[in-house]
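K.L.:
Here is a sequence with its predicted model. Questions after.
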Amino acid sequence: MAKRKTALVTGSTSGIGLAIARRLGSEGYNIVLNSFEPEASVSDAIGAVKSTARGGVAYIQADLALEQGTDLVIDTIARFGRIDVLVNNAGIQKVARIEDFLQEDWERVRAIILDGAFQTIRAAVPDMLSRKWGRIINIASAHALVASPFKSAYVAAKHGLLGLTKTVALEVAENAITVNAICPGYVLTPLVEKQLKDQSQVHAMSKEQVKREIMLAPQPTRQFVEVEEIAAMAAYLCGDMARSITGTSIAIDGGWTAH
Ligand code: NAD
């Protein structure tokens, strides 16, 4: 058990994070699941990961909007003795015109996406350095590479996350620790379901129009990306064959950023 690697996936009770946790759990990693919600309200997600996990599964409630990223990593190491894989996945979206964008929304988006990743990485790197192996995977977005209107906080935070990815990759490169960003296009998760409502208001369109004319318009495949595609890439990046992939962004966006 002590030799089994441990993976922490932030924001892993839903969508992409849940798929990554399931995939890494089925490959034998101990899994630490996380969200800001009490354990009782995310029991379905925990059960889903446990049903296919080959190692241990723990849930740690920590709110990344409240600067709890450092404690989350400390608790992870306390549970399983180590952290080998860190997936910074937690994220939220706020959609509004720049002139209407609330300061509190700007701060919440930045706190969860950017400050949270900074705190977890800073806390995890010493443990990875001690064993000279680690994998840090930041779930960024096509919006880390290009922009869309009405998403100023999200686009700024995701661009920042890519900068953080590159910087840390340079700092730890000689220690068999890789740091990369996966940049998905639109994936039909609860985060996007919520955006359908917000976007239909801001664009004055129906939800179906938003899907077709806003979301899938820049995605040349005209199809949503599946969560399992992101999970498969995360699993690949954890393998030894990905040891030379570091400091980069991997777009899984149906061709969006080829425009
Ligand atoms: P989701 O809403 O399905 O899941 C988000 C997860 O983050 C949940 O587990 C939620 O509990 C957790 N979370 C939210 N606020 C938190 C907080 N304050 N502290 C801790 N955890 C918190 O979203 P998703 O679509 O699966 O998105 C996951 C990541 O992928 C996000 O970073 C998102 O920006 C990114 N992404 C999503 C898409 C997409 O189209 N769905 C595209 C590109 C990038």
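P.N.:
All right, it came through fine.

K.L.:
okay, now Ile77: neighbour count?
P.N.:
17 (other CB atoms under 10 Å). (Glycine included, C-beta is placed from N, CA and C.)

K.L.:
What segments of the stretch 1-150 of the chain are helices?
P.N.:
15-26, 43-52, 69-80, 103-110, 116-131 (DSSP state H, counting those that start in this stretch).

K.L.:
right, and Thr246 touches Ala169 too?
P.N.:
Yes. Judged on CB atoms under 8 Å, Thr246 makes contact with Ala169 at a distance of 4.6 Å.

K.L.:
can you list residues touching both of these two?
P.N.:
Common contacts of Thr246 and Ala169 (CB atoms under 8 Å, 6 or more residues apart in numbering): 178-180.

K.L.:
Which of these fall within strands?
P.N.:
Within the shared contacts of Thr246 and Ala169, residues falling in strands by DSSP state E are 178-180.

K.L.:
Please identify the most buried of the helices of the stretch 1-150 of the chain.
P.N.:
With neighbours defined as mean count of other CB atoms under 10 Å, those peak in mean count at helix 15-26, which reaches a mean of 25.

K.L.:
if we can go back for a sec, the helices of the stretch 1-150 of the chain into CSV, with extra columns for mean pLDDT and distance to the ligand?
P.N.:
CSV is the format used below for the helices of the stretch 1-150 of the chain (pLDDT from 0 to 100; distance: least, CB to the nearest ligand atom, whole Å):
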stretch, mean pLDDT, distance to the ligand
helix 15-26, 98, 2
helix 43-52, 98, 7
helix 69-80, 98, 8
helix 103-110, 98, 8
helix 116-131, 98, 7
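
K.L.:
Going by neighbour count, which of the ones in strands among the shared contacts of Thr246 and Ala169 comes out on top?
P.N.:
That'd be Val179 among these, by other CB under 10 Å, with 27 neighbours.

K.L.:
which residues does that one contact?
P.N.:
Per CB under 8 Å, 6+ apart, neighbours of Val179: 121, 136, 138, 165-166, 168-169, 172, 246-247.

K.L.:
please redo it, this time with the cut-off set to 6 Å
P.N.:
Shown in contact with Val179 (CB atoms under 6 Å, 6 or more residues apart in numbering): 136, 165, 168-169, 246.

K.L.:
and those residues, which of them are in strands?
P.N.:
Per DSSP E, the subset of the contacts of Val179 in strands is Ile136.

K.L.:
can you list the helices of the stretch 1-150 of the chain in a markdown table and add distance to Arg222?
P.N.:
Shown next, in a markdown table, are these (distance: least, CB to CB, whole Å):
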| stretch | distance to Arg222 |
| --- | --- |
| helix 15-26 | 20 |
| helix 43-52 | 29 |
| helix 69-80 | 37 |
| helix 103-110 | 28 |
| helix 116-131 | 31 |
